[in-house]
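Chemist: this is the structure alone, sequence omitted:
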């Protein structure tokens, strides 16, 4: 089952500065079936039927808490010259940076080394605390994809990731939430301007989804809508004005975003 | 003007696992004047009048993004053996950890060194980007207080602050948002079990509110309801089961929370 969050195309141009009203819908092929409610707290179909072309996609969820696993694949850690973690310590990203499939990443005027990071995103569906590894996925609604865009020089120079990873538009996520993904047999492929530039087995993680959810839930409550980005493997070339990055994970579709230099 | 967020006392005991419905209200002495809407997107009084005793306080806002300045006072940085930052790099905390005035902080069973950190909290009221230092406060709705509870051994052993500072209940905030505080002439006082244990001039910051908001807004959009915790000075004793910590800042009231060991 595929969940999208979207708004009607004509509402893009609202003059009052407010964001257009987003709604949830089920996606069946290119048929959009809007619901009242949401995937987390209950929903019923409105009976309307739209086409995917009729709507603009929003990020599939705005999380109460935005978790992100920093270092979870050995090749990526080696390439970036970092130490392999000995336990699953989760980090954070910020909601200001989220953009949807199809929206543009803006490279800040003074950014000098911008990279992509294609990632699996776990979407929490149910409140959870103290889950065993065996029960960890009982709280998962489904999966989507993220691009953990990073400015490598700020990542080194700053004490935190506030602008290196959380500048506005640095967190593309989407296009939708897929509830029936096969994480164990998944490949992550990143294309730069249509040409494959990174490929890895998504599940080659140092610490897997079950380990993270179980460990985290020993100390914290996971809430419906929380998201957990699972880290990336490989290495990105330096991105430039006009580049188009496509992140595709088996069964999850393609998250496509253009990179534009701030003017 | 004082804004509270609250729910009716009787709703504490709901059996369906859902949180009671919170509403915003103006607080005038001990009179509670509920509103429809909120302080961020517009509001009108319902005409009801309640007493403060009739309601249970909730955290005054659940932020879209929860910013926190890690190191912003020289004495605290020296005591914790850390390096003085040379620029204002903001960090993050997590919404799962927020609790209101009067709620209990739960010390996890395996926590060994828990400290308080009394802090000024800036509440953003308006969407803002690219503010100059002179204009920085134009986006501020008001101020409240936070206790940045920290487990010092996890703070050293873990790669991130996920449980050292963001275990459930580790972020008491409140009791209300005061829109007319005089930050320049403010003192922070922390009492442990009724006895003063920390006192400092709130505005003795390495980097002030205007500097942080201006710097952050160069790279990111601040949204209504975002919060910015401004860091702490001094040193906390190790807290034990049954301790009561009160954080008071001039003009902002008192944030009181009991610490209980997990059983």
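Modeler: That came through fine. Since this is a predicted model, take the numbers as computed values, not measurements.
Chemist: could you give the number of residues near residue A:218?
Modeler: 14 (other Cβ atoms under 10 Å in any protein chain shown). Glycine gets a C-beta too; all of them are placed from N, C-alpha and C.
Chemist: in which helix or strand would I find it?
Modeler: Element membership for residue A:218, per DSSP states H and E: none, as it lies in no helix or strand.
Chemist: ok, and the closest non-adjacent residue to it?
Modeler: Nearest-residue entry for residue A:218: residue A:130, 6.3 Å, with adjacent residues in sequence omitted and distances by Cβ to Cβ, 6 or more residues apart in numbering or on different chains.
Chemist: do residue A:253 as well
Modeler: Taking Cβ to Cβ, 6+ apart as the measure, residue A:253 lies nearest to residue A:175, with 5.5 Å between them; neighbours along the chain are not counted.
Chemist: so who does that neighbour touch?
Modeler: Taking Cβ atoms under 8 Å, 6 or more residues apart in numbering or on different chains as the contact definition, residue A:175 lies against A:4, A:57, A:60, A:100, A:101, A:102, A:144, A:145, A:253, A:254, A:255.
Chemist: name the nearest of those relative to chain B.
Modeler: Distances from chain B to those, taken as Cβ to the nearest Cβ, are shortest for residue A:100 (15.4 Å).
Chemist: residues in the stretch 51-200 of chain A within reach of chain B, list them.
Modeler: A:62, A:64-65, A:70, A:85, A:87, A:89-92, A:94-97, A:108, A:127, A:129, A:158-160, A:162-163, A:166-168 (Cβ under 8 Å from any Cβ of the partner chain).
Chemist: quick one: buried ones out of those?
Modeler: Neighbour-count burial (16 or more other Cβ atoms under 10 Å in any protein chain shown) is assigned, among those, to A:64-65, A:70, A:85, A:89-92, A:94-97, A:108, A:158, A:160, A:162-163, A:166-168.
Chemist: just the buried positions in the lowest-mean-pLDDT helix or strand in chain A, please.
Modeler: When the helices and strands of chain A are scored by mean pLDDT, DSSP states H and E, helix A:74-79 comes last with a mean of 86. Using 16+ other Cβ under 10 Å as the test for burial, helix A:74-79 gives A:76, A:77.
Chemist: what's it in contact with?
Modeler: Under the criterion Cβ under 8 Å, 6+ apart, residues A:71, A:83, A:84, A:117, A:200, A:206, A:231, A:232, A:233, A:234, A:235 lie in contact with helix A:74-79.
Chemist: my guess is the fourth one meets residue A:235, correct?
Modeler: Which is residue A:117. No: at 9.7 Å, residue A:117 does not count as touching residue A:235 under the criterion of Cβ atoms under 8 Å.
Chemist: who has more neighbours out of these two?
Modeler: Neighbour totals were compared for residue A:117 and residue A:235, and residue A:117 leads with 24 against 15 (other Cβ under 10 Å).
Chemist: please, which helix or strand holds the residue of chain A most remote from its centre?
Modeler: Taking Cα atoms, centre = their mean, the residue of chain A most remote from its mean C-alpha position is residue A:47, at 29.2 Å. Under DSSP H and E, no helix or strand contains residue A:47.
Chemist: and it, how far from residue A:33?
Modeler: From residue A:47 across to residue A:33, the span is 9 Å (Cβ to Cβ, to the nearest Å).
Chemist: excluding chain neighbours, what is closest to residue A:38?
Modeler: With sequence-adjacent residues excluded and distances taken as Cβ to Cβ, 6+ apart, residue A:38 is closest to residue A:24, at 4.8 Å.
Chemist: mind checking which of the residues of the stretch 51-200 of chain A next to chain B are in strands?
Modeler: By the criterion of DSSP state E, membership of these in strands covers A:91, A:92.
Chemist: can you give me the neighbour number for the closest residue to residue A:199 other than its chain neighbours?
Modeler: In space, and not counting its chain neighbours, residue A:199 is closest to residue A:189: 5.0 Å by Cβ to Cβ, 6+ apart. Residue crowding around residue A:189 was assessed by other Cβ under 10 Å; the count is 17.
Chemist: so who does residue A:189 touch?
Modeler: Contacts were defined as Cβ under 8 Å, 6+ apart; by that measure residue A:189 touches A:118, A:196, A:198, A:199, A:247, A:248, A:249.
Chemist: and these, which two are furthest apart?
Modeler: Pairwise distances across those (Cβ to Cβ) peak at 13.7 Å, for the pair A:196 and A:249.
Chemist: settle it for me: which of those two has more neighbours?
Modeler: With neighbours defined as other Cβ under 10 Å, residue A:196 and residue A:249 compare such that residue A:249 has more, 24 against 11.
Chemist: and the more buried one, what's its pLDDT?
Modeler: Looking at residue A:249, its pLDDT stands at 98.
Chemist: tell me which residues touch it, please.
Modeler: Shown here is residue A:249, whose contacts under the criterion Cβ under 8 Å, 6+ apart are A:118, A:120, A:143, A:145, A:181, A:186, A:187, A:188, A:189, A:202.
Chemist: swap in residue A:177?
Modeler: A:2, A:3, A:4, A:39, A:60, A:61, A:123, A:141, A:142, A:143, A:144 are the contacts of residue A:177 under Cβ under 8 Å, 6+ apart.
Chemist: check residue A:23 too.
Modeler: With contacts defined as Cβ under 8 Å, 6+ apart, residue A:23 is in contact with A:5, A:6, A:7, A:34, A:35.
Chemist: go with 6 Å
Modeler: Contacts here follow Cβ atoms under 6 Å, 6 or more residues apart in numbering or on different chains; on that basis residue A:23 touches residue A:34.
Chemist: what does residue A:107 give?
Modeler: Here residue A:107 is in contact with A:114, A:259, A:261 (criterion: Cβ under 6 Å, 6+ apart).
Chemist: go again with 7 Å.
Modeler: Taking Cβ atoms under 7 Å, 6 or more residues apart in numbering or on different chains as the definition of contact, the neighbours of residue A:107 are A:114, A:241, A:259, A:260, A:261, A:262.
Chemist: ok, the residues you listed vs chain B, which is closest?
Modeler: residue A:262 (10.0 Å).
Chemist: confidence score at the closest one?
Modeler: pLDDT recorded at residue A:262 is 96.
Chemist: hang on, the earlier thing: let's have the contacts of residue A:249 in TSV, adding secondary structure and pLDDT.
Modeler: What follows is those, written out as TSV (DSSP: H, G, I helix; E, B strand; the rest coil; pLDDT from 0 to 100):
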residue	secondary structure	pLDDT
A:118	strand	98
A:120	strand	98
A:143	strand	98
A:145	strand	98
A:181	coil	95
A:186	coil	97
A:187	strand	98
A:188	strand	98
A:189	strand	98
A:202	coil	97
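Chemist: considering the residues you listed, which possesses the most neighbours?
Modeler: That'd be residue A:118 among those, by other Cβ under 10 Å, with 28 neighbours.
Chemist: bridged to that residue, which residues?
Modeler: Here residue A:118 shows beta-bridge partners residue A:147, assigned using DSSP bridges.
Chemist: for it, give its distance to residue A:212.
Modeler: Relative to residue A:212, residue A:118 is positioned 18 Å away (criterion: Cβ to Cβ).
Chemist: again, but for residue A:193
Modeler: When Cβ to Cβ is the yardstick, residue A:193 and residue A:212 sit 33 Å from each other.
Chemist: what sits up against stretch A:254-263?
Modeler: Outside of stretch A:254-263, the residues within contact range by Cβ under 7 Å, 6+ apart are A:101-109, A:114, A:145, A:147, A:172, A:174-175, A:239, A:241, A:243-248.
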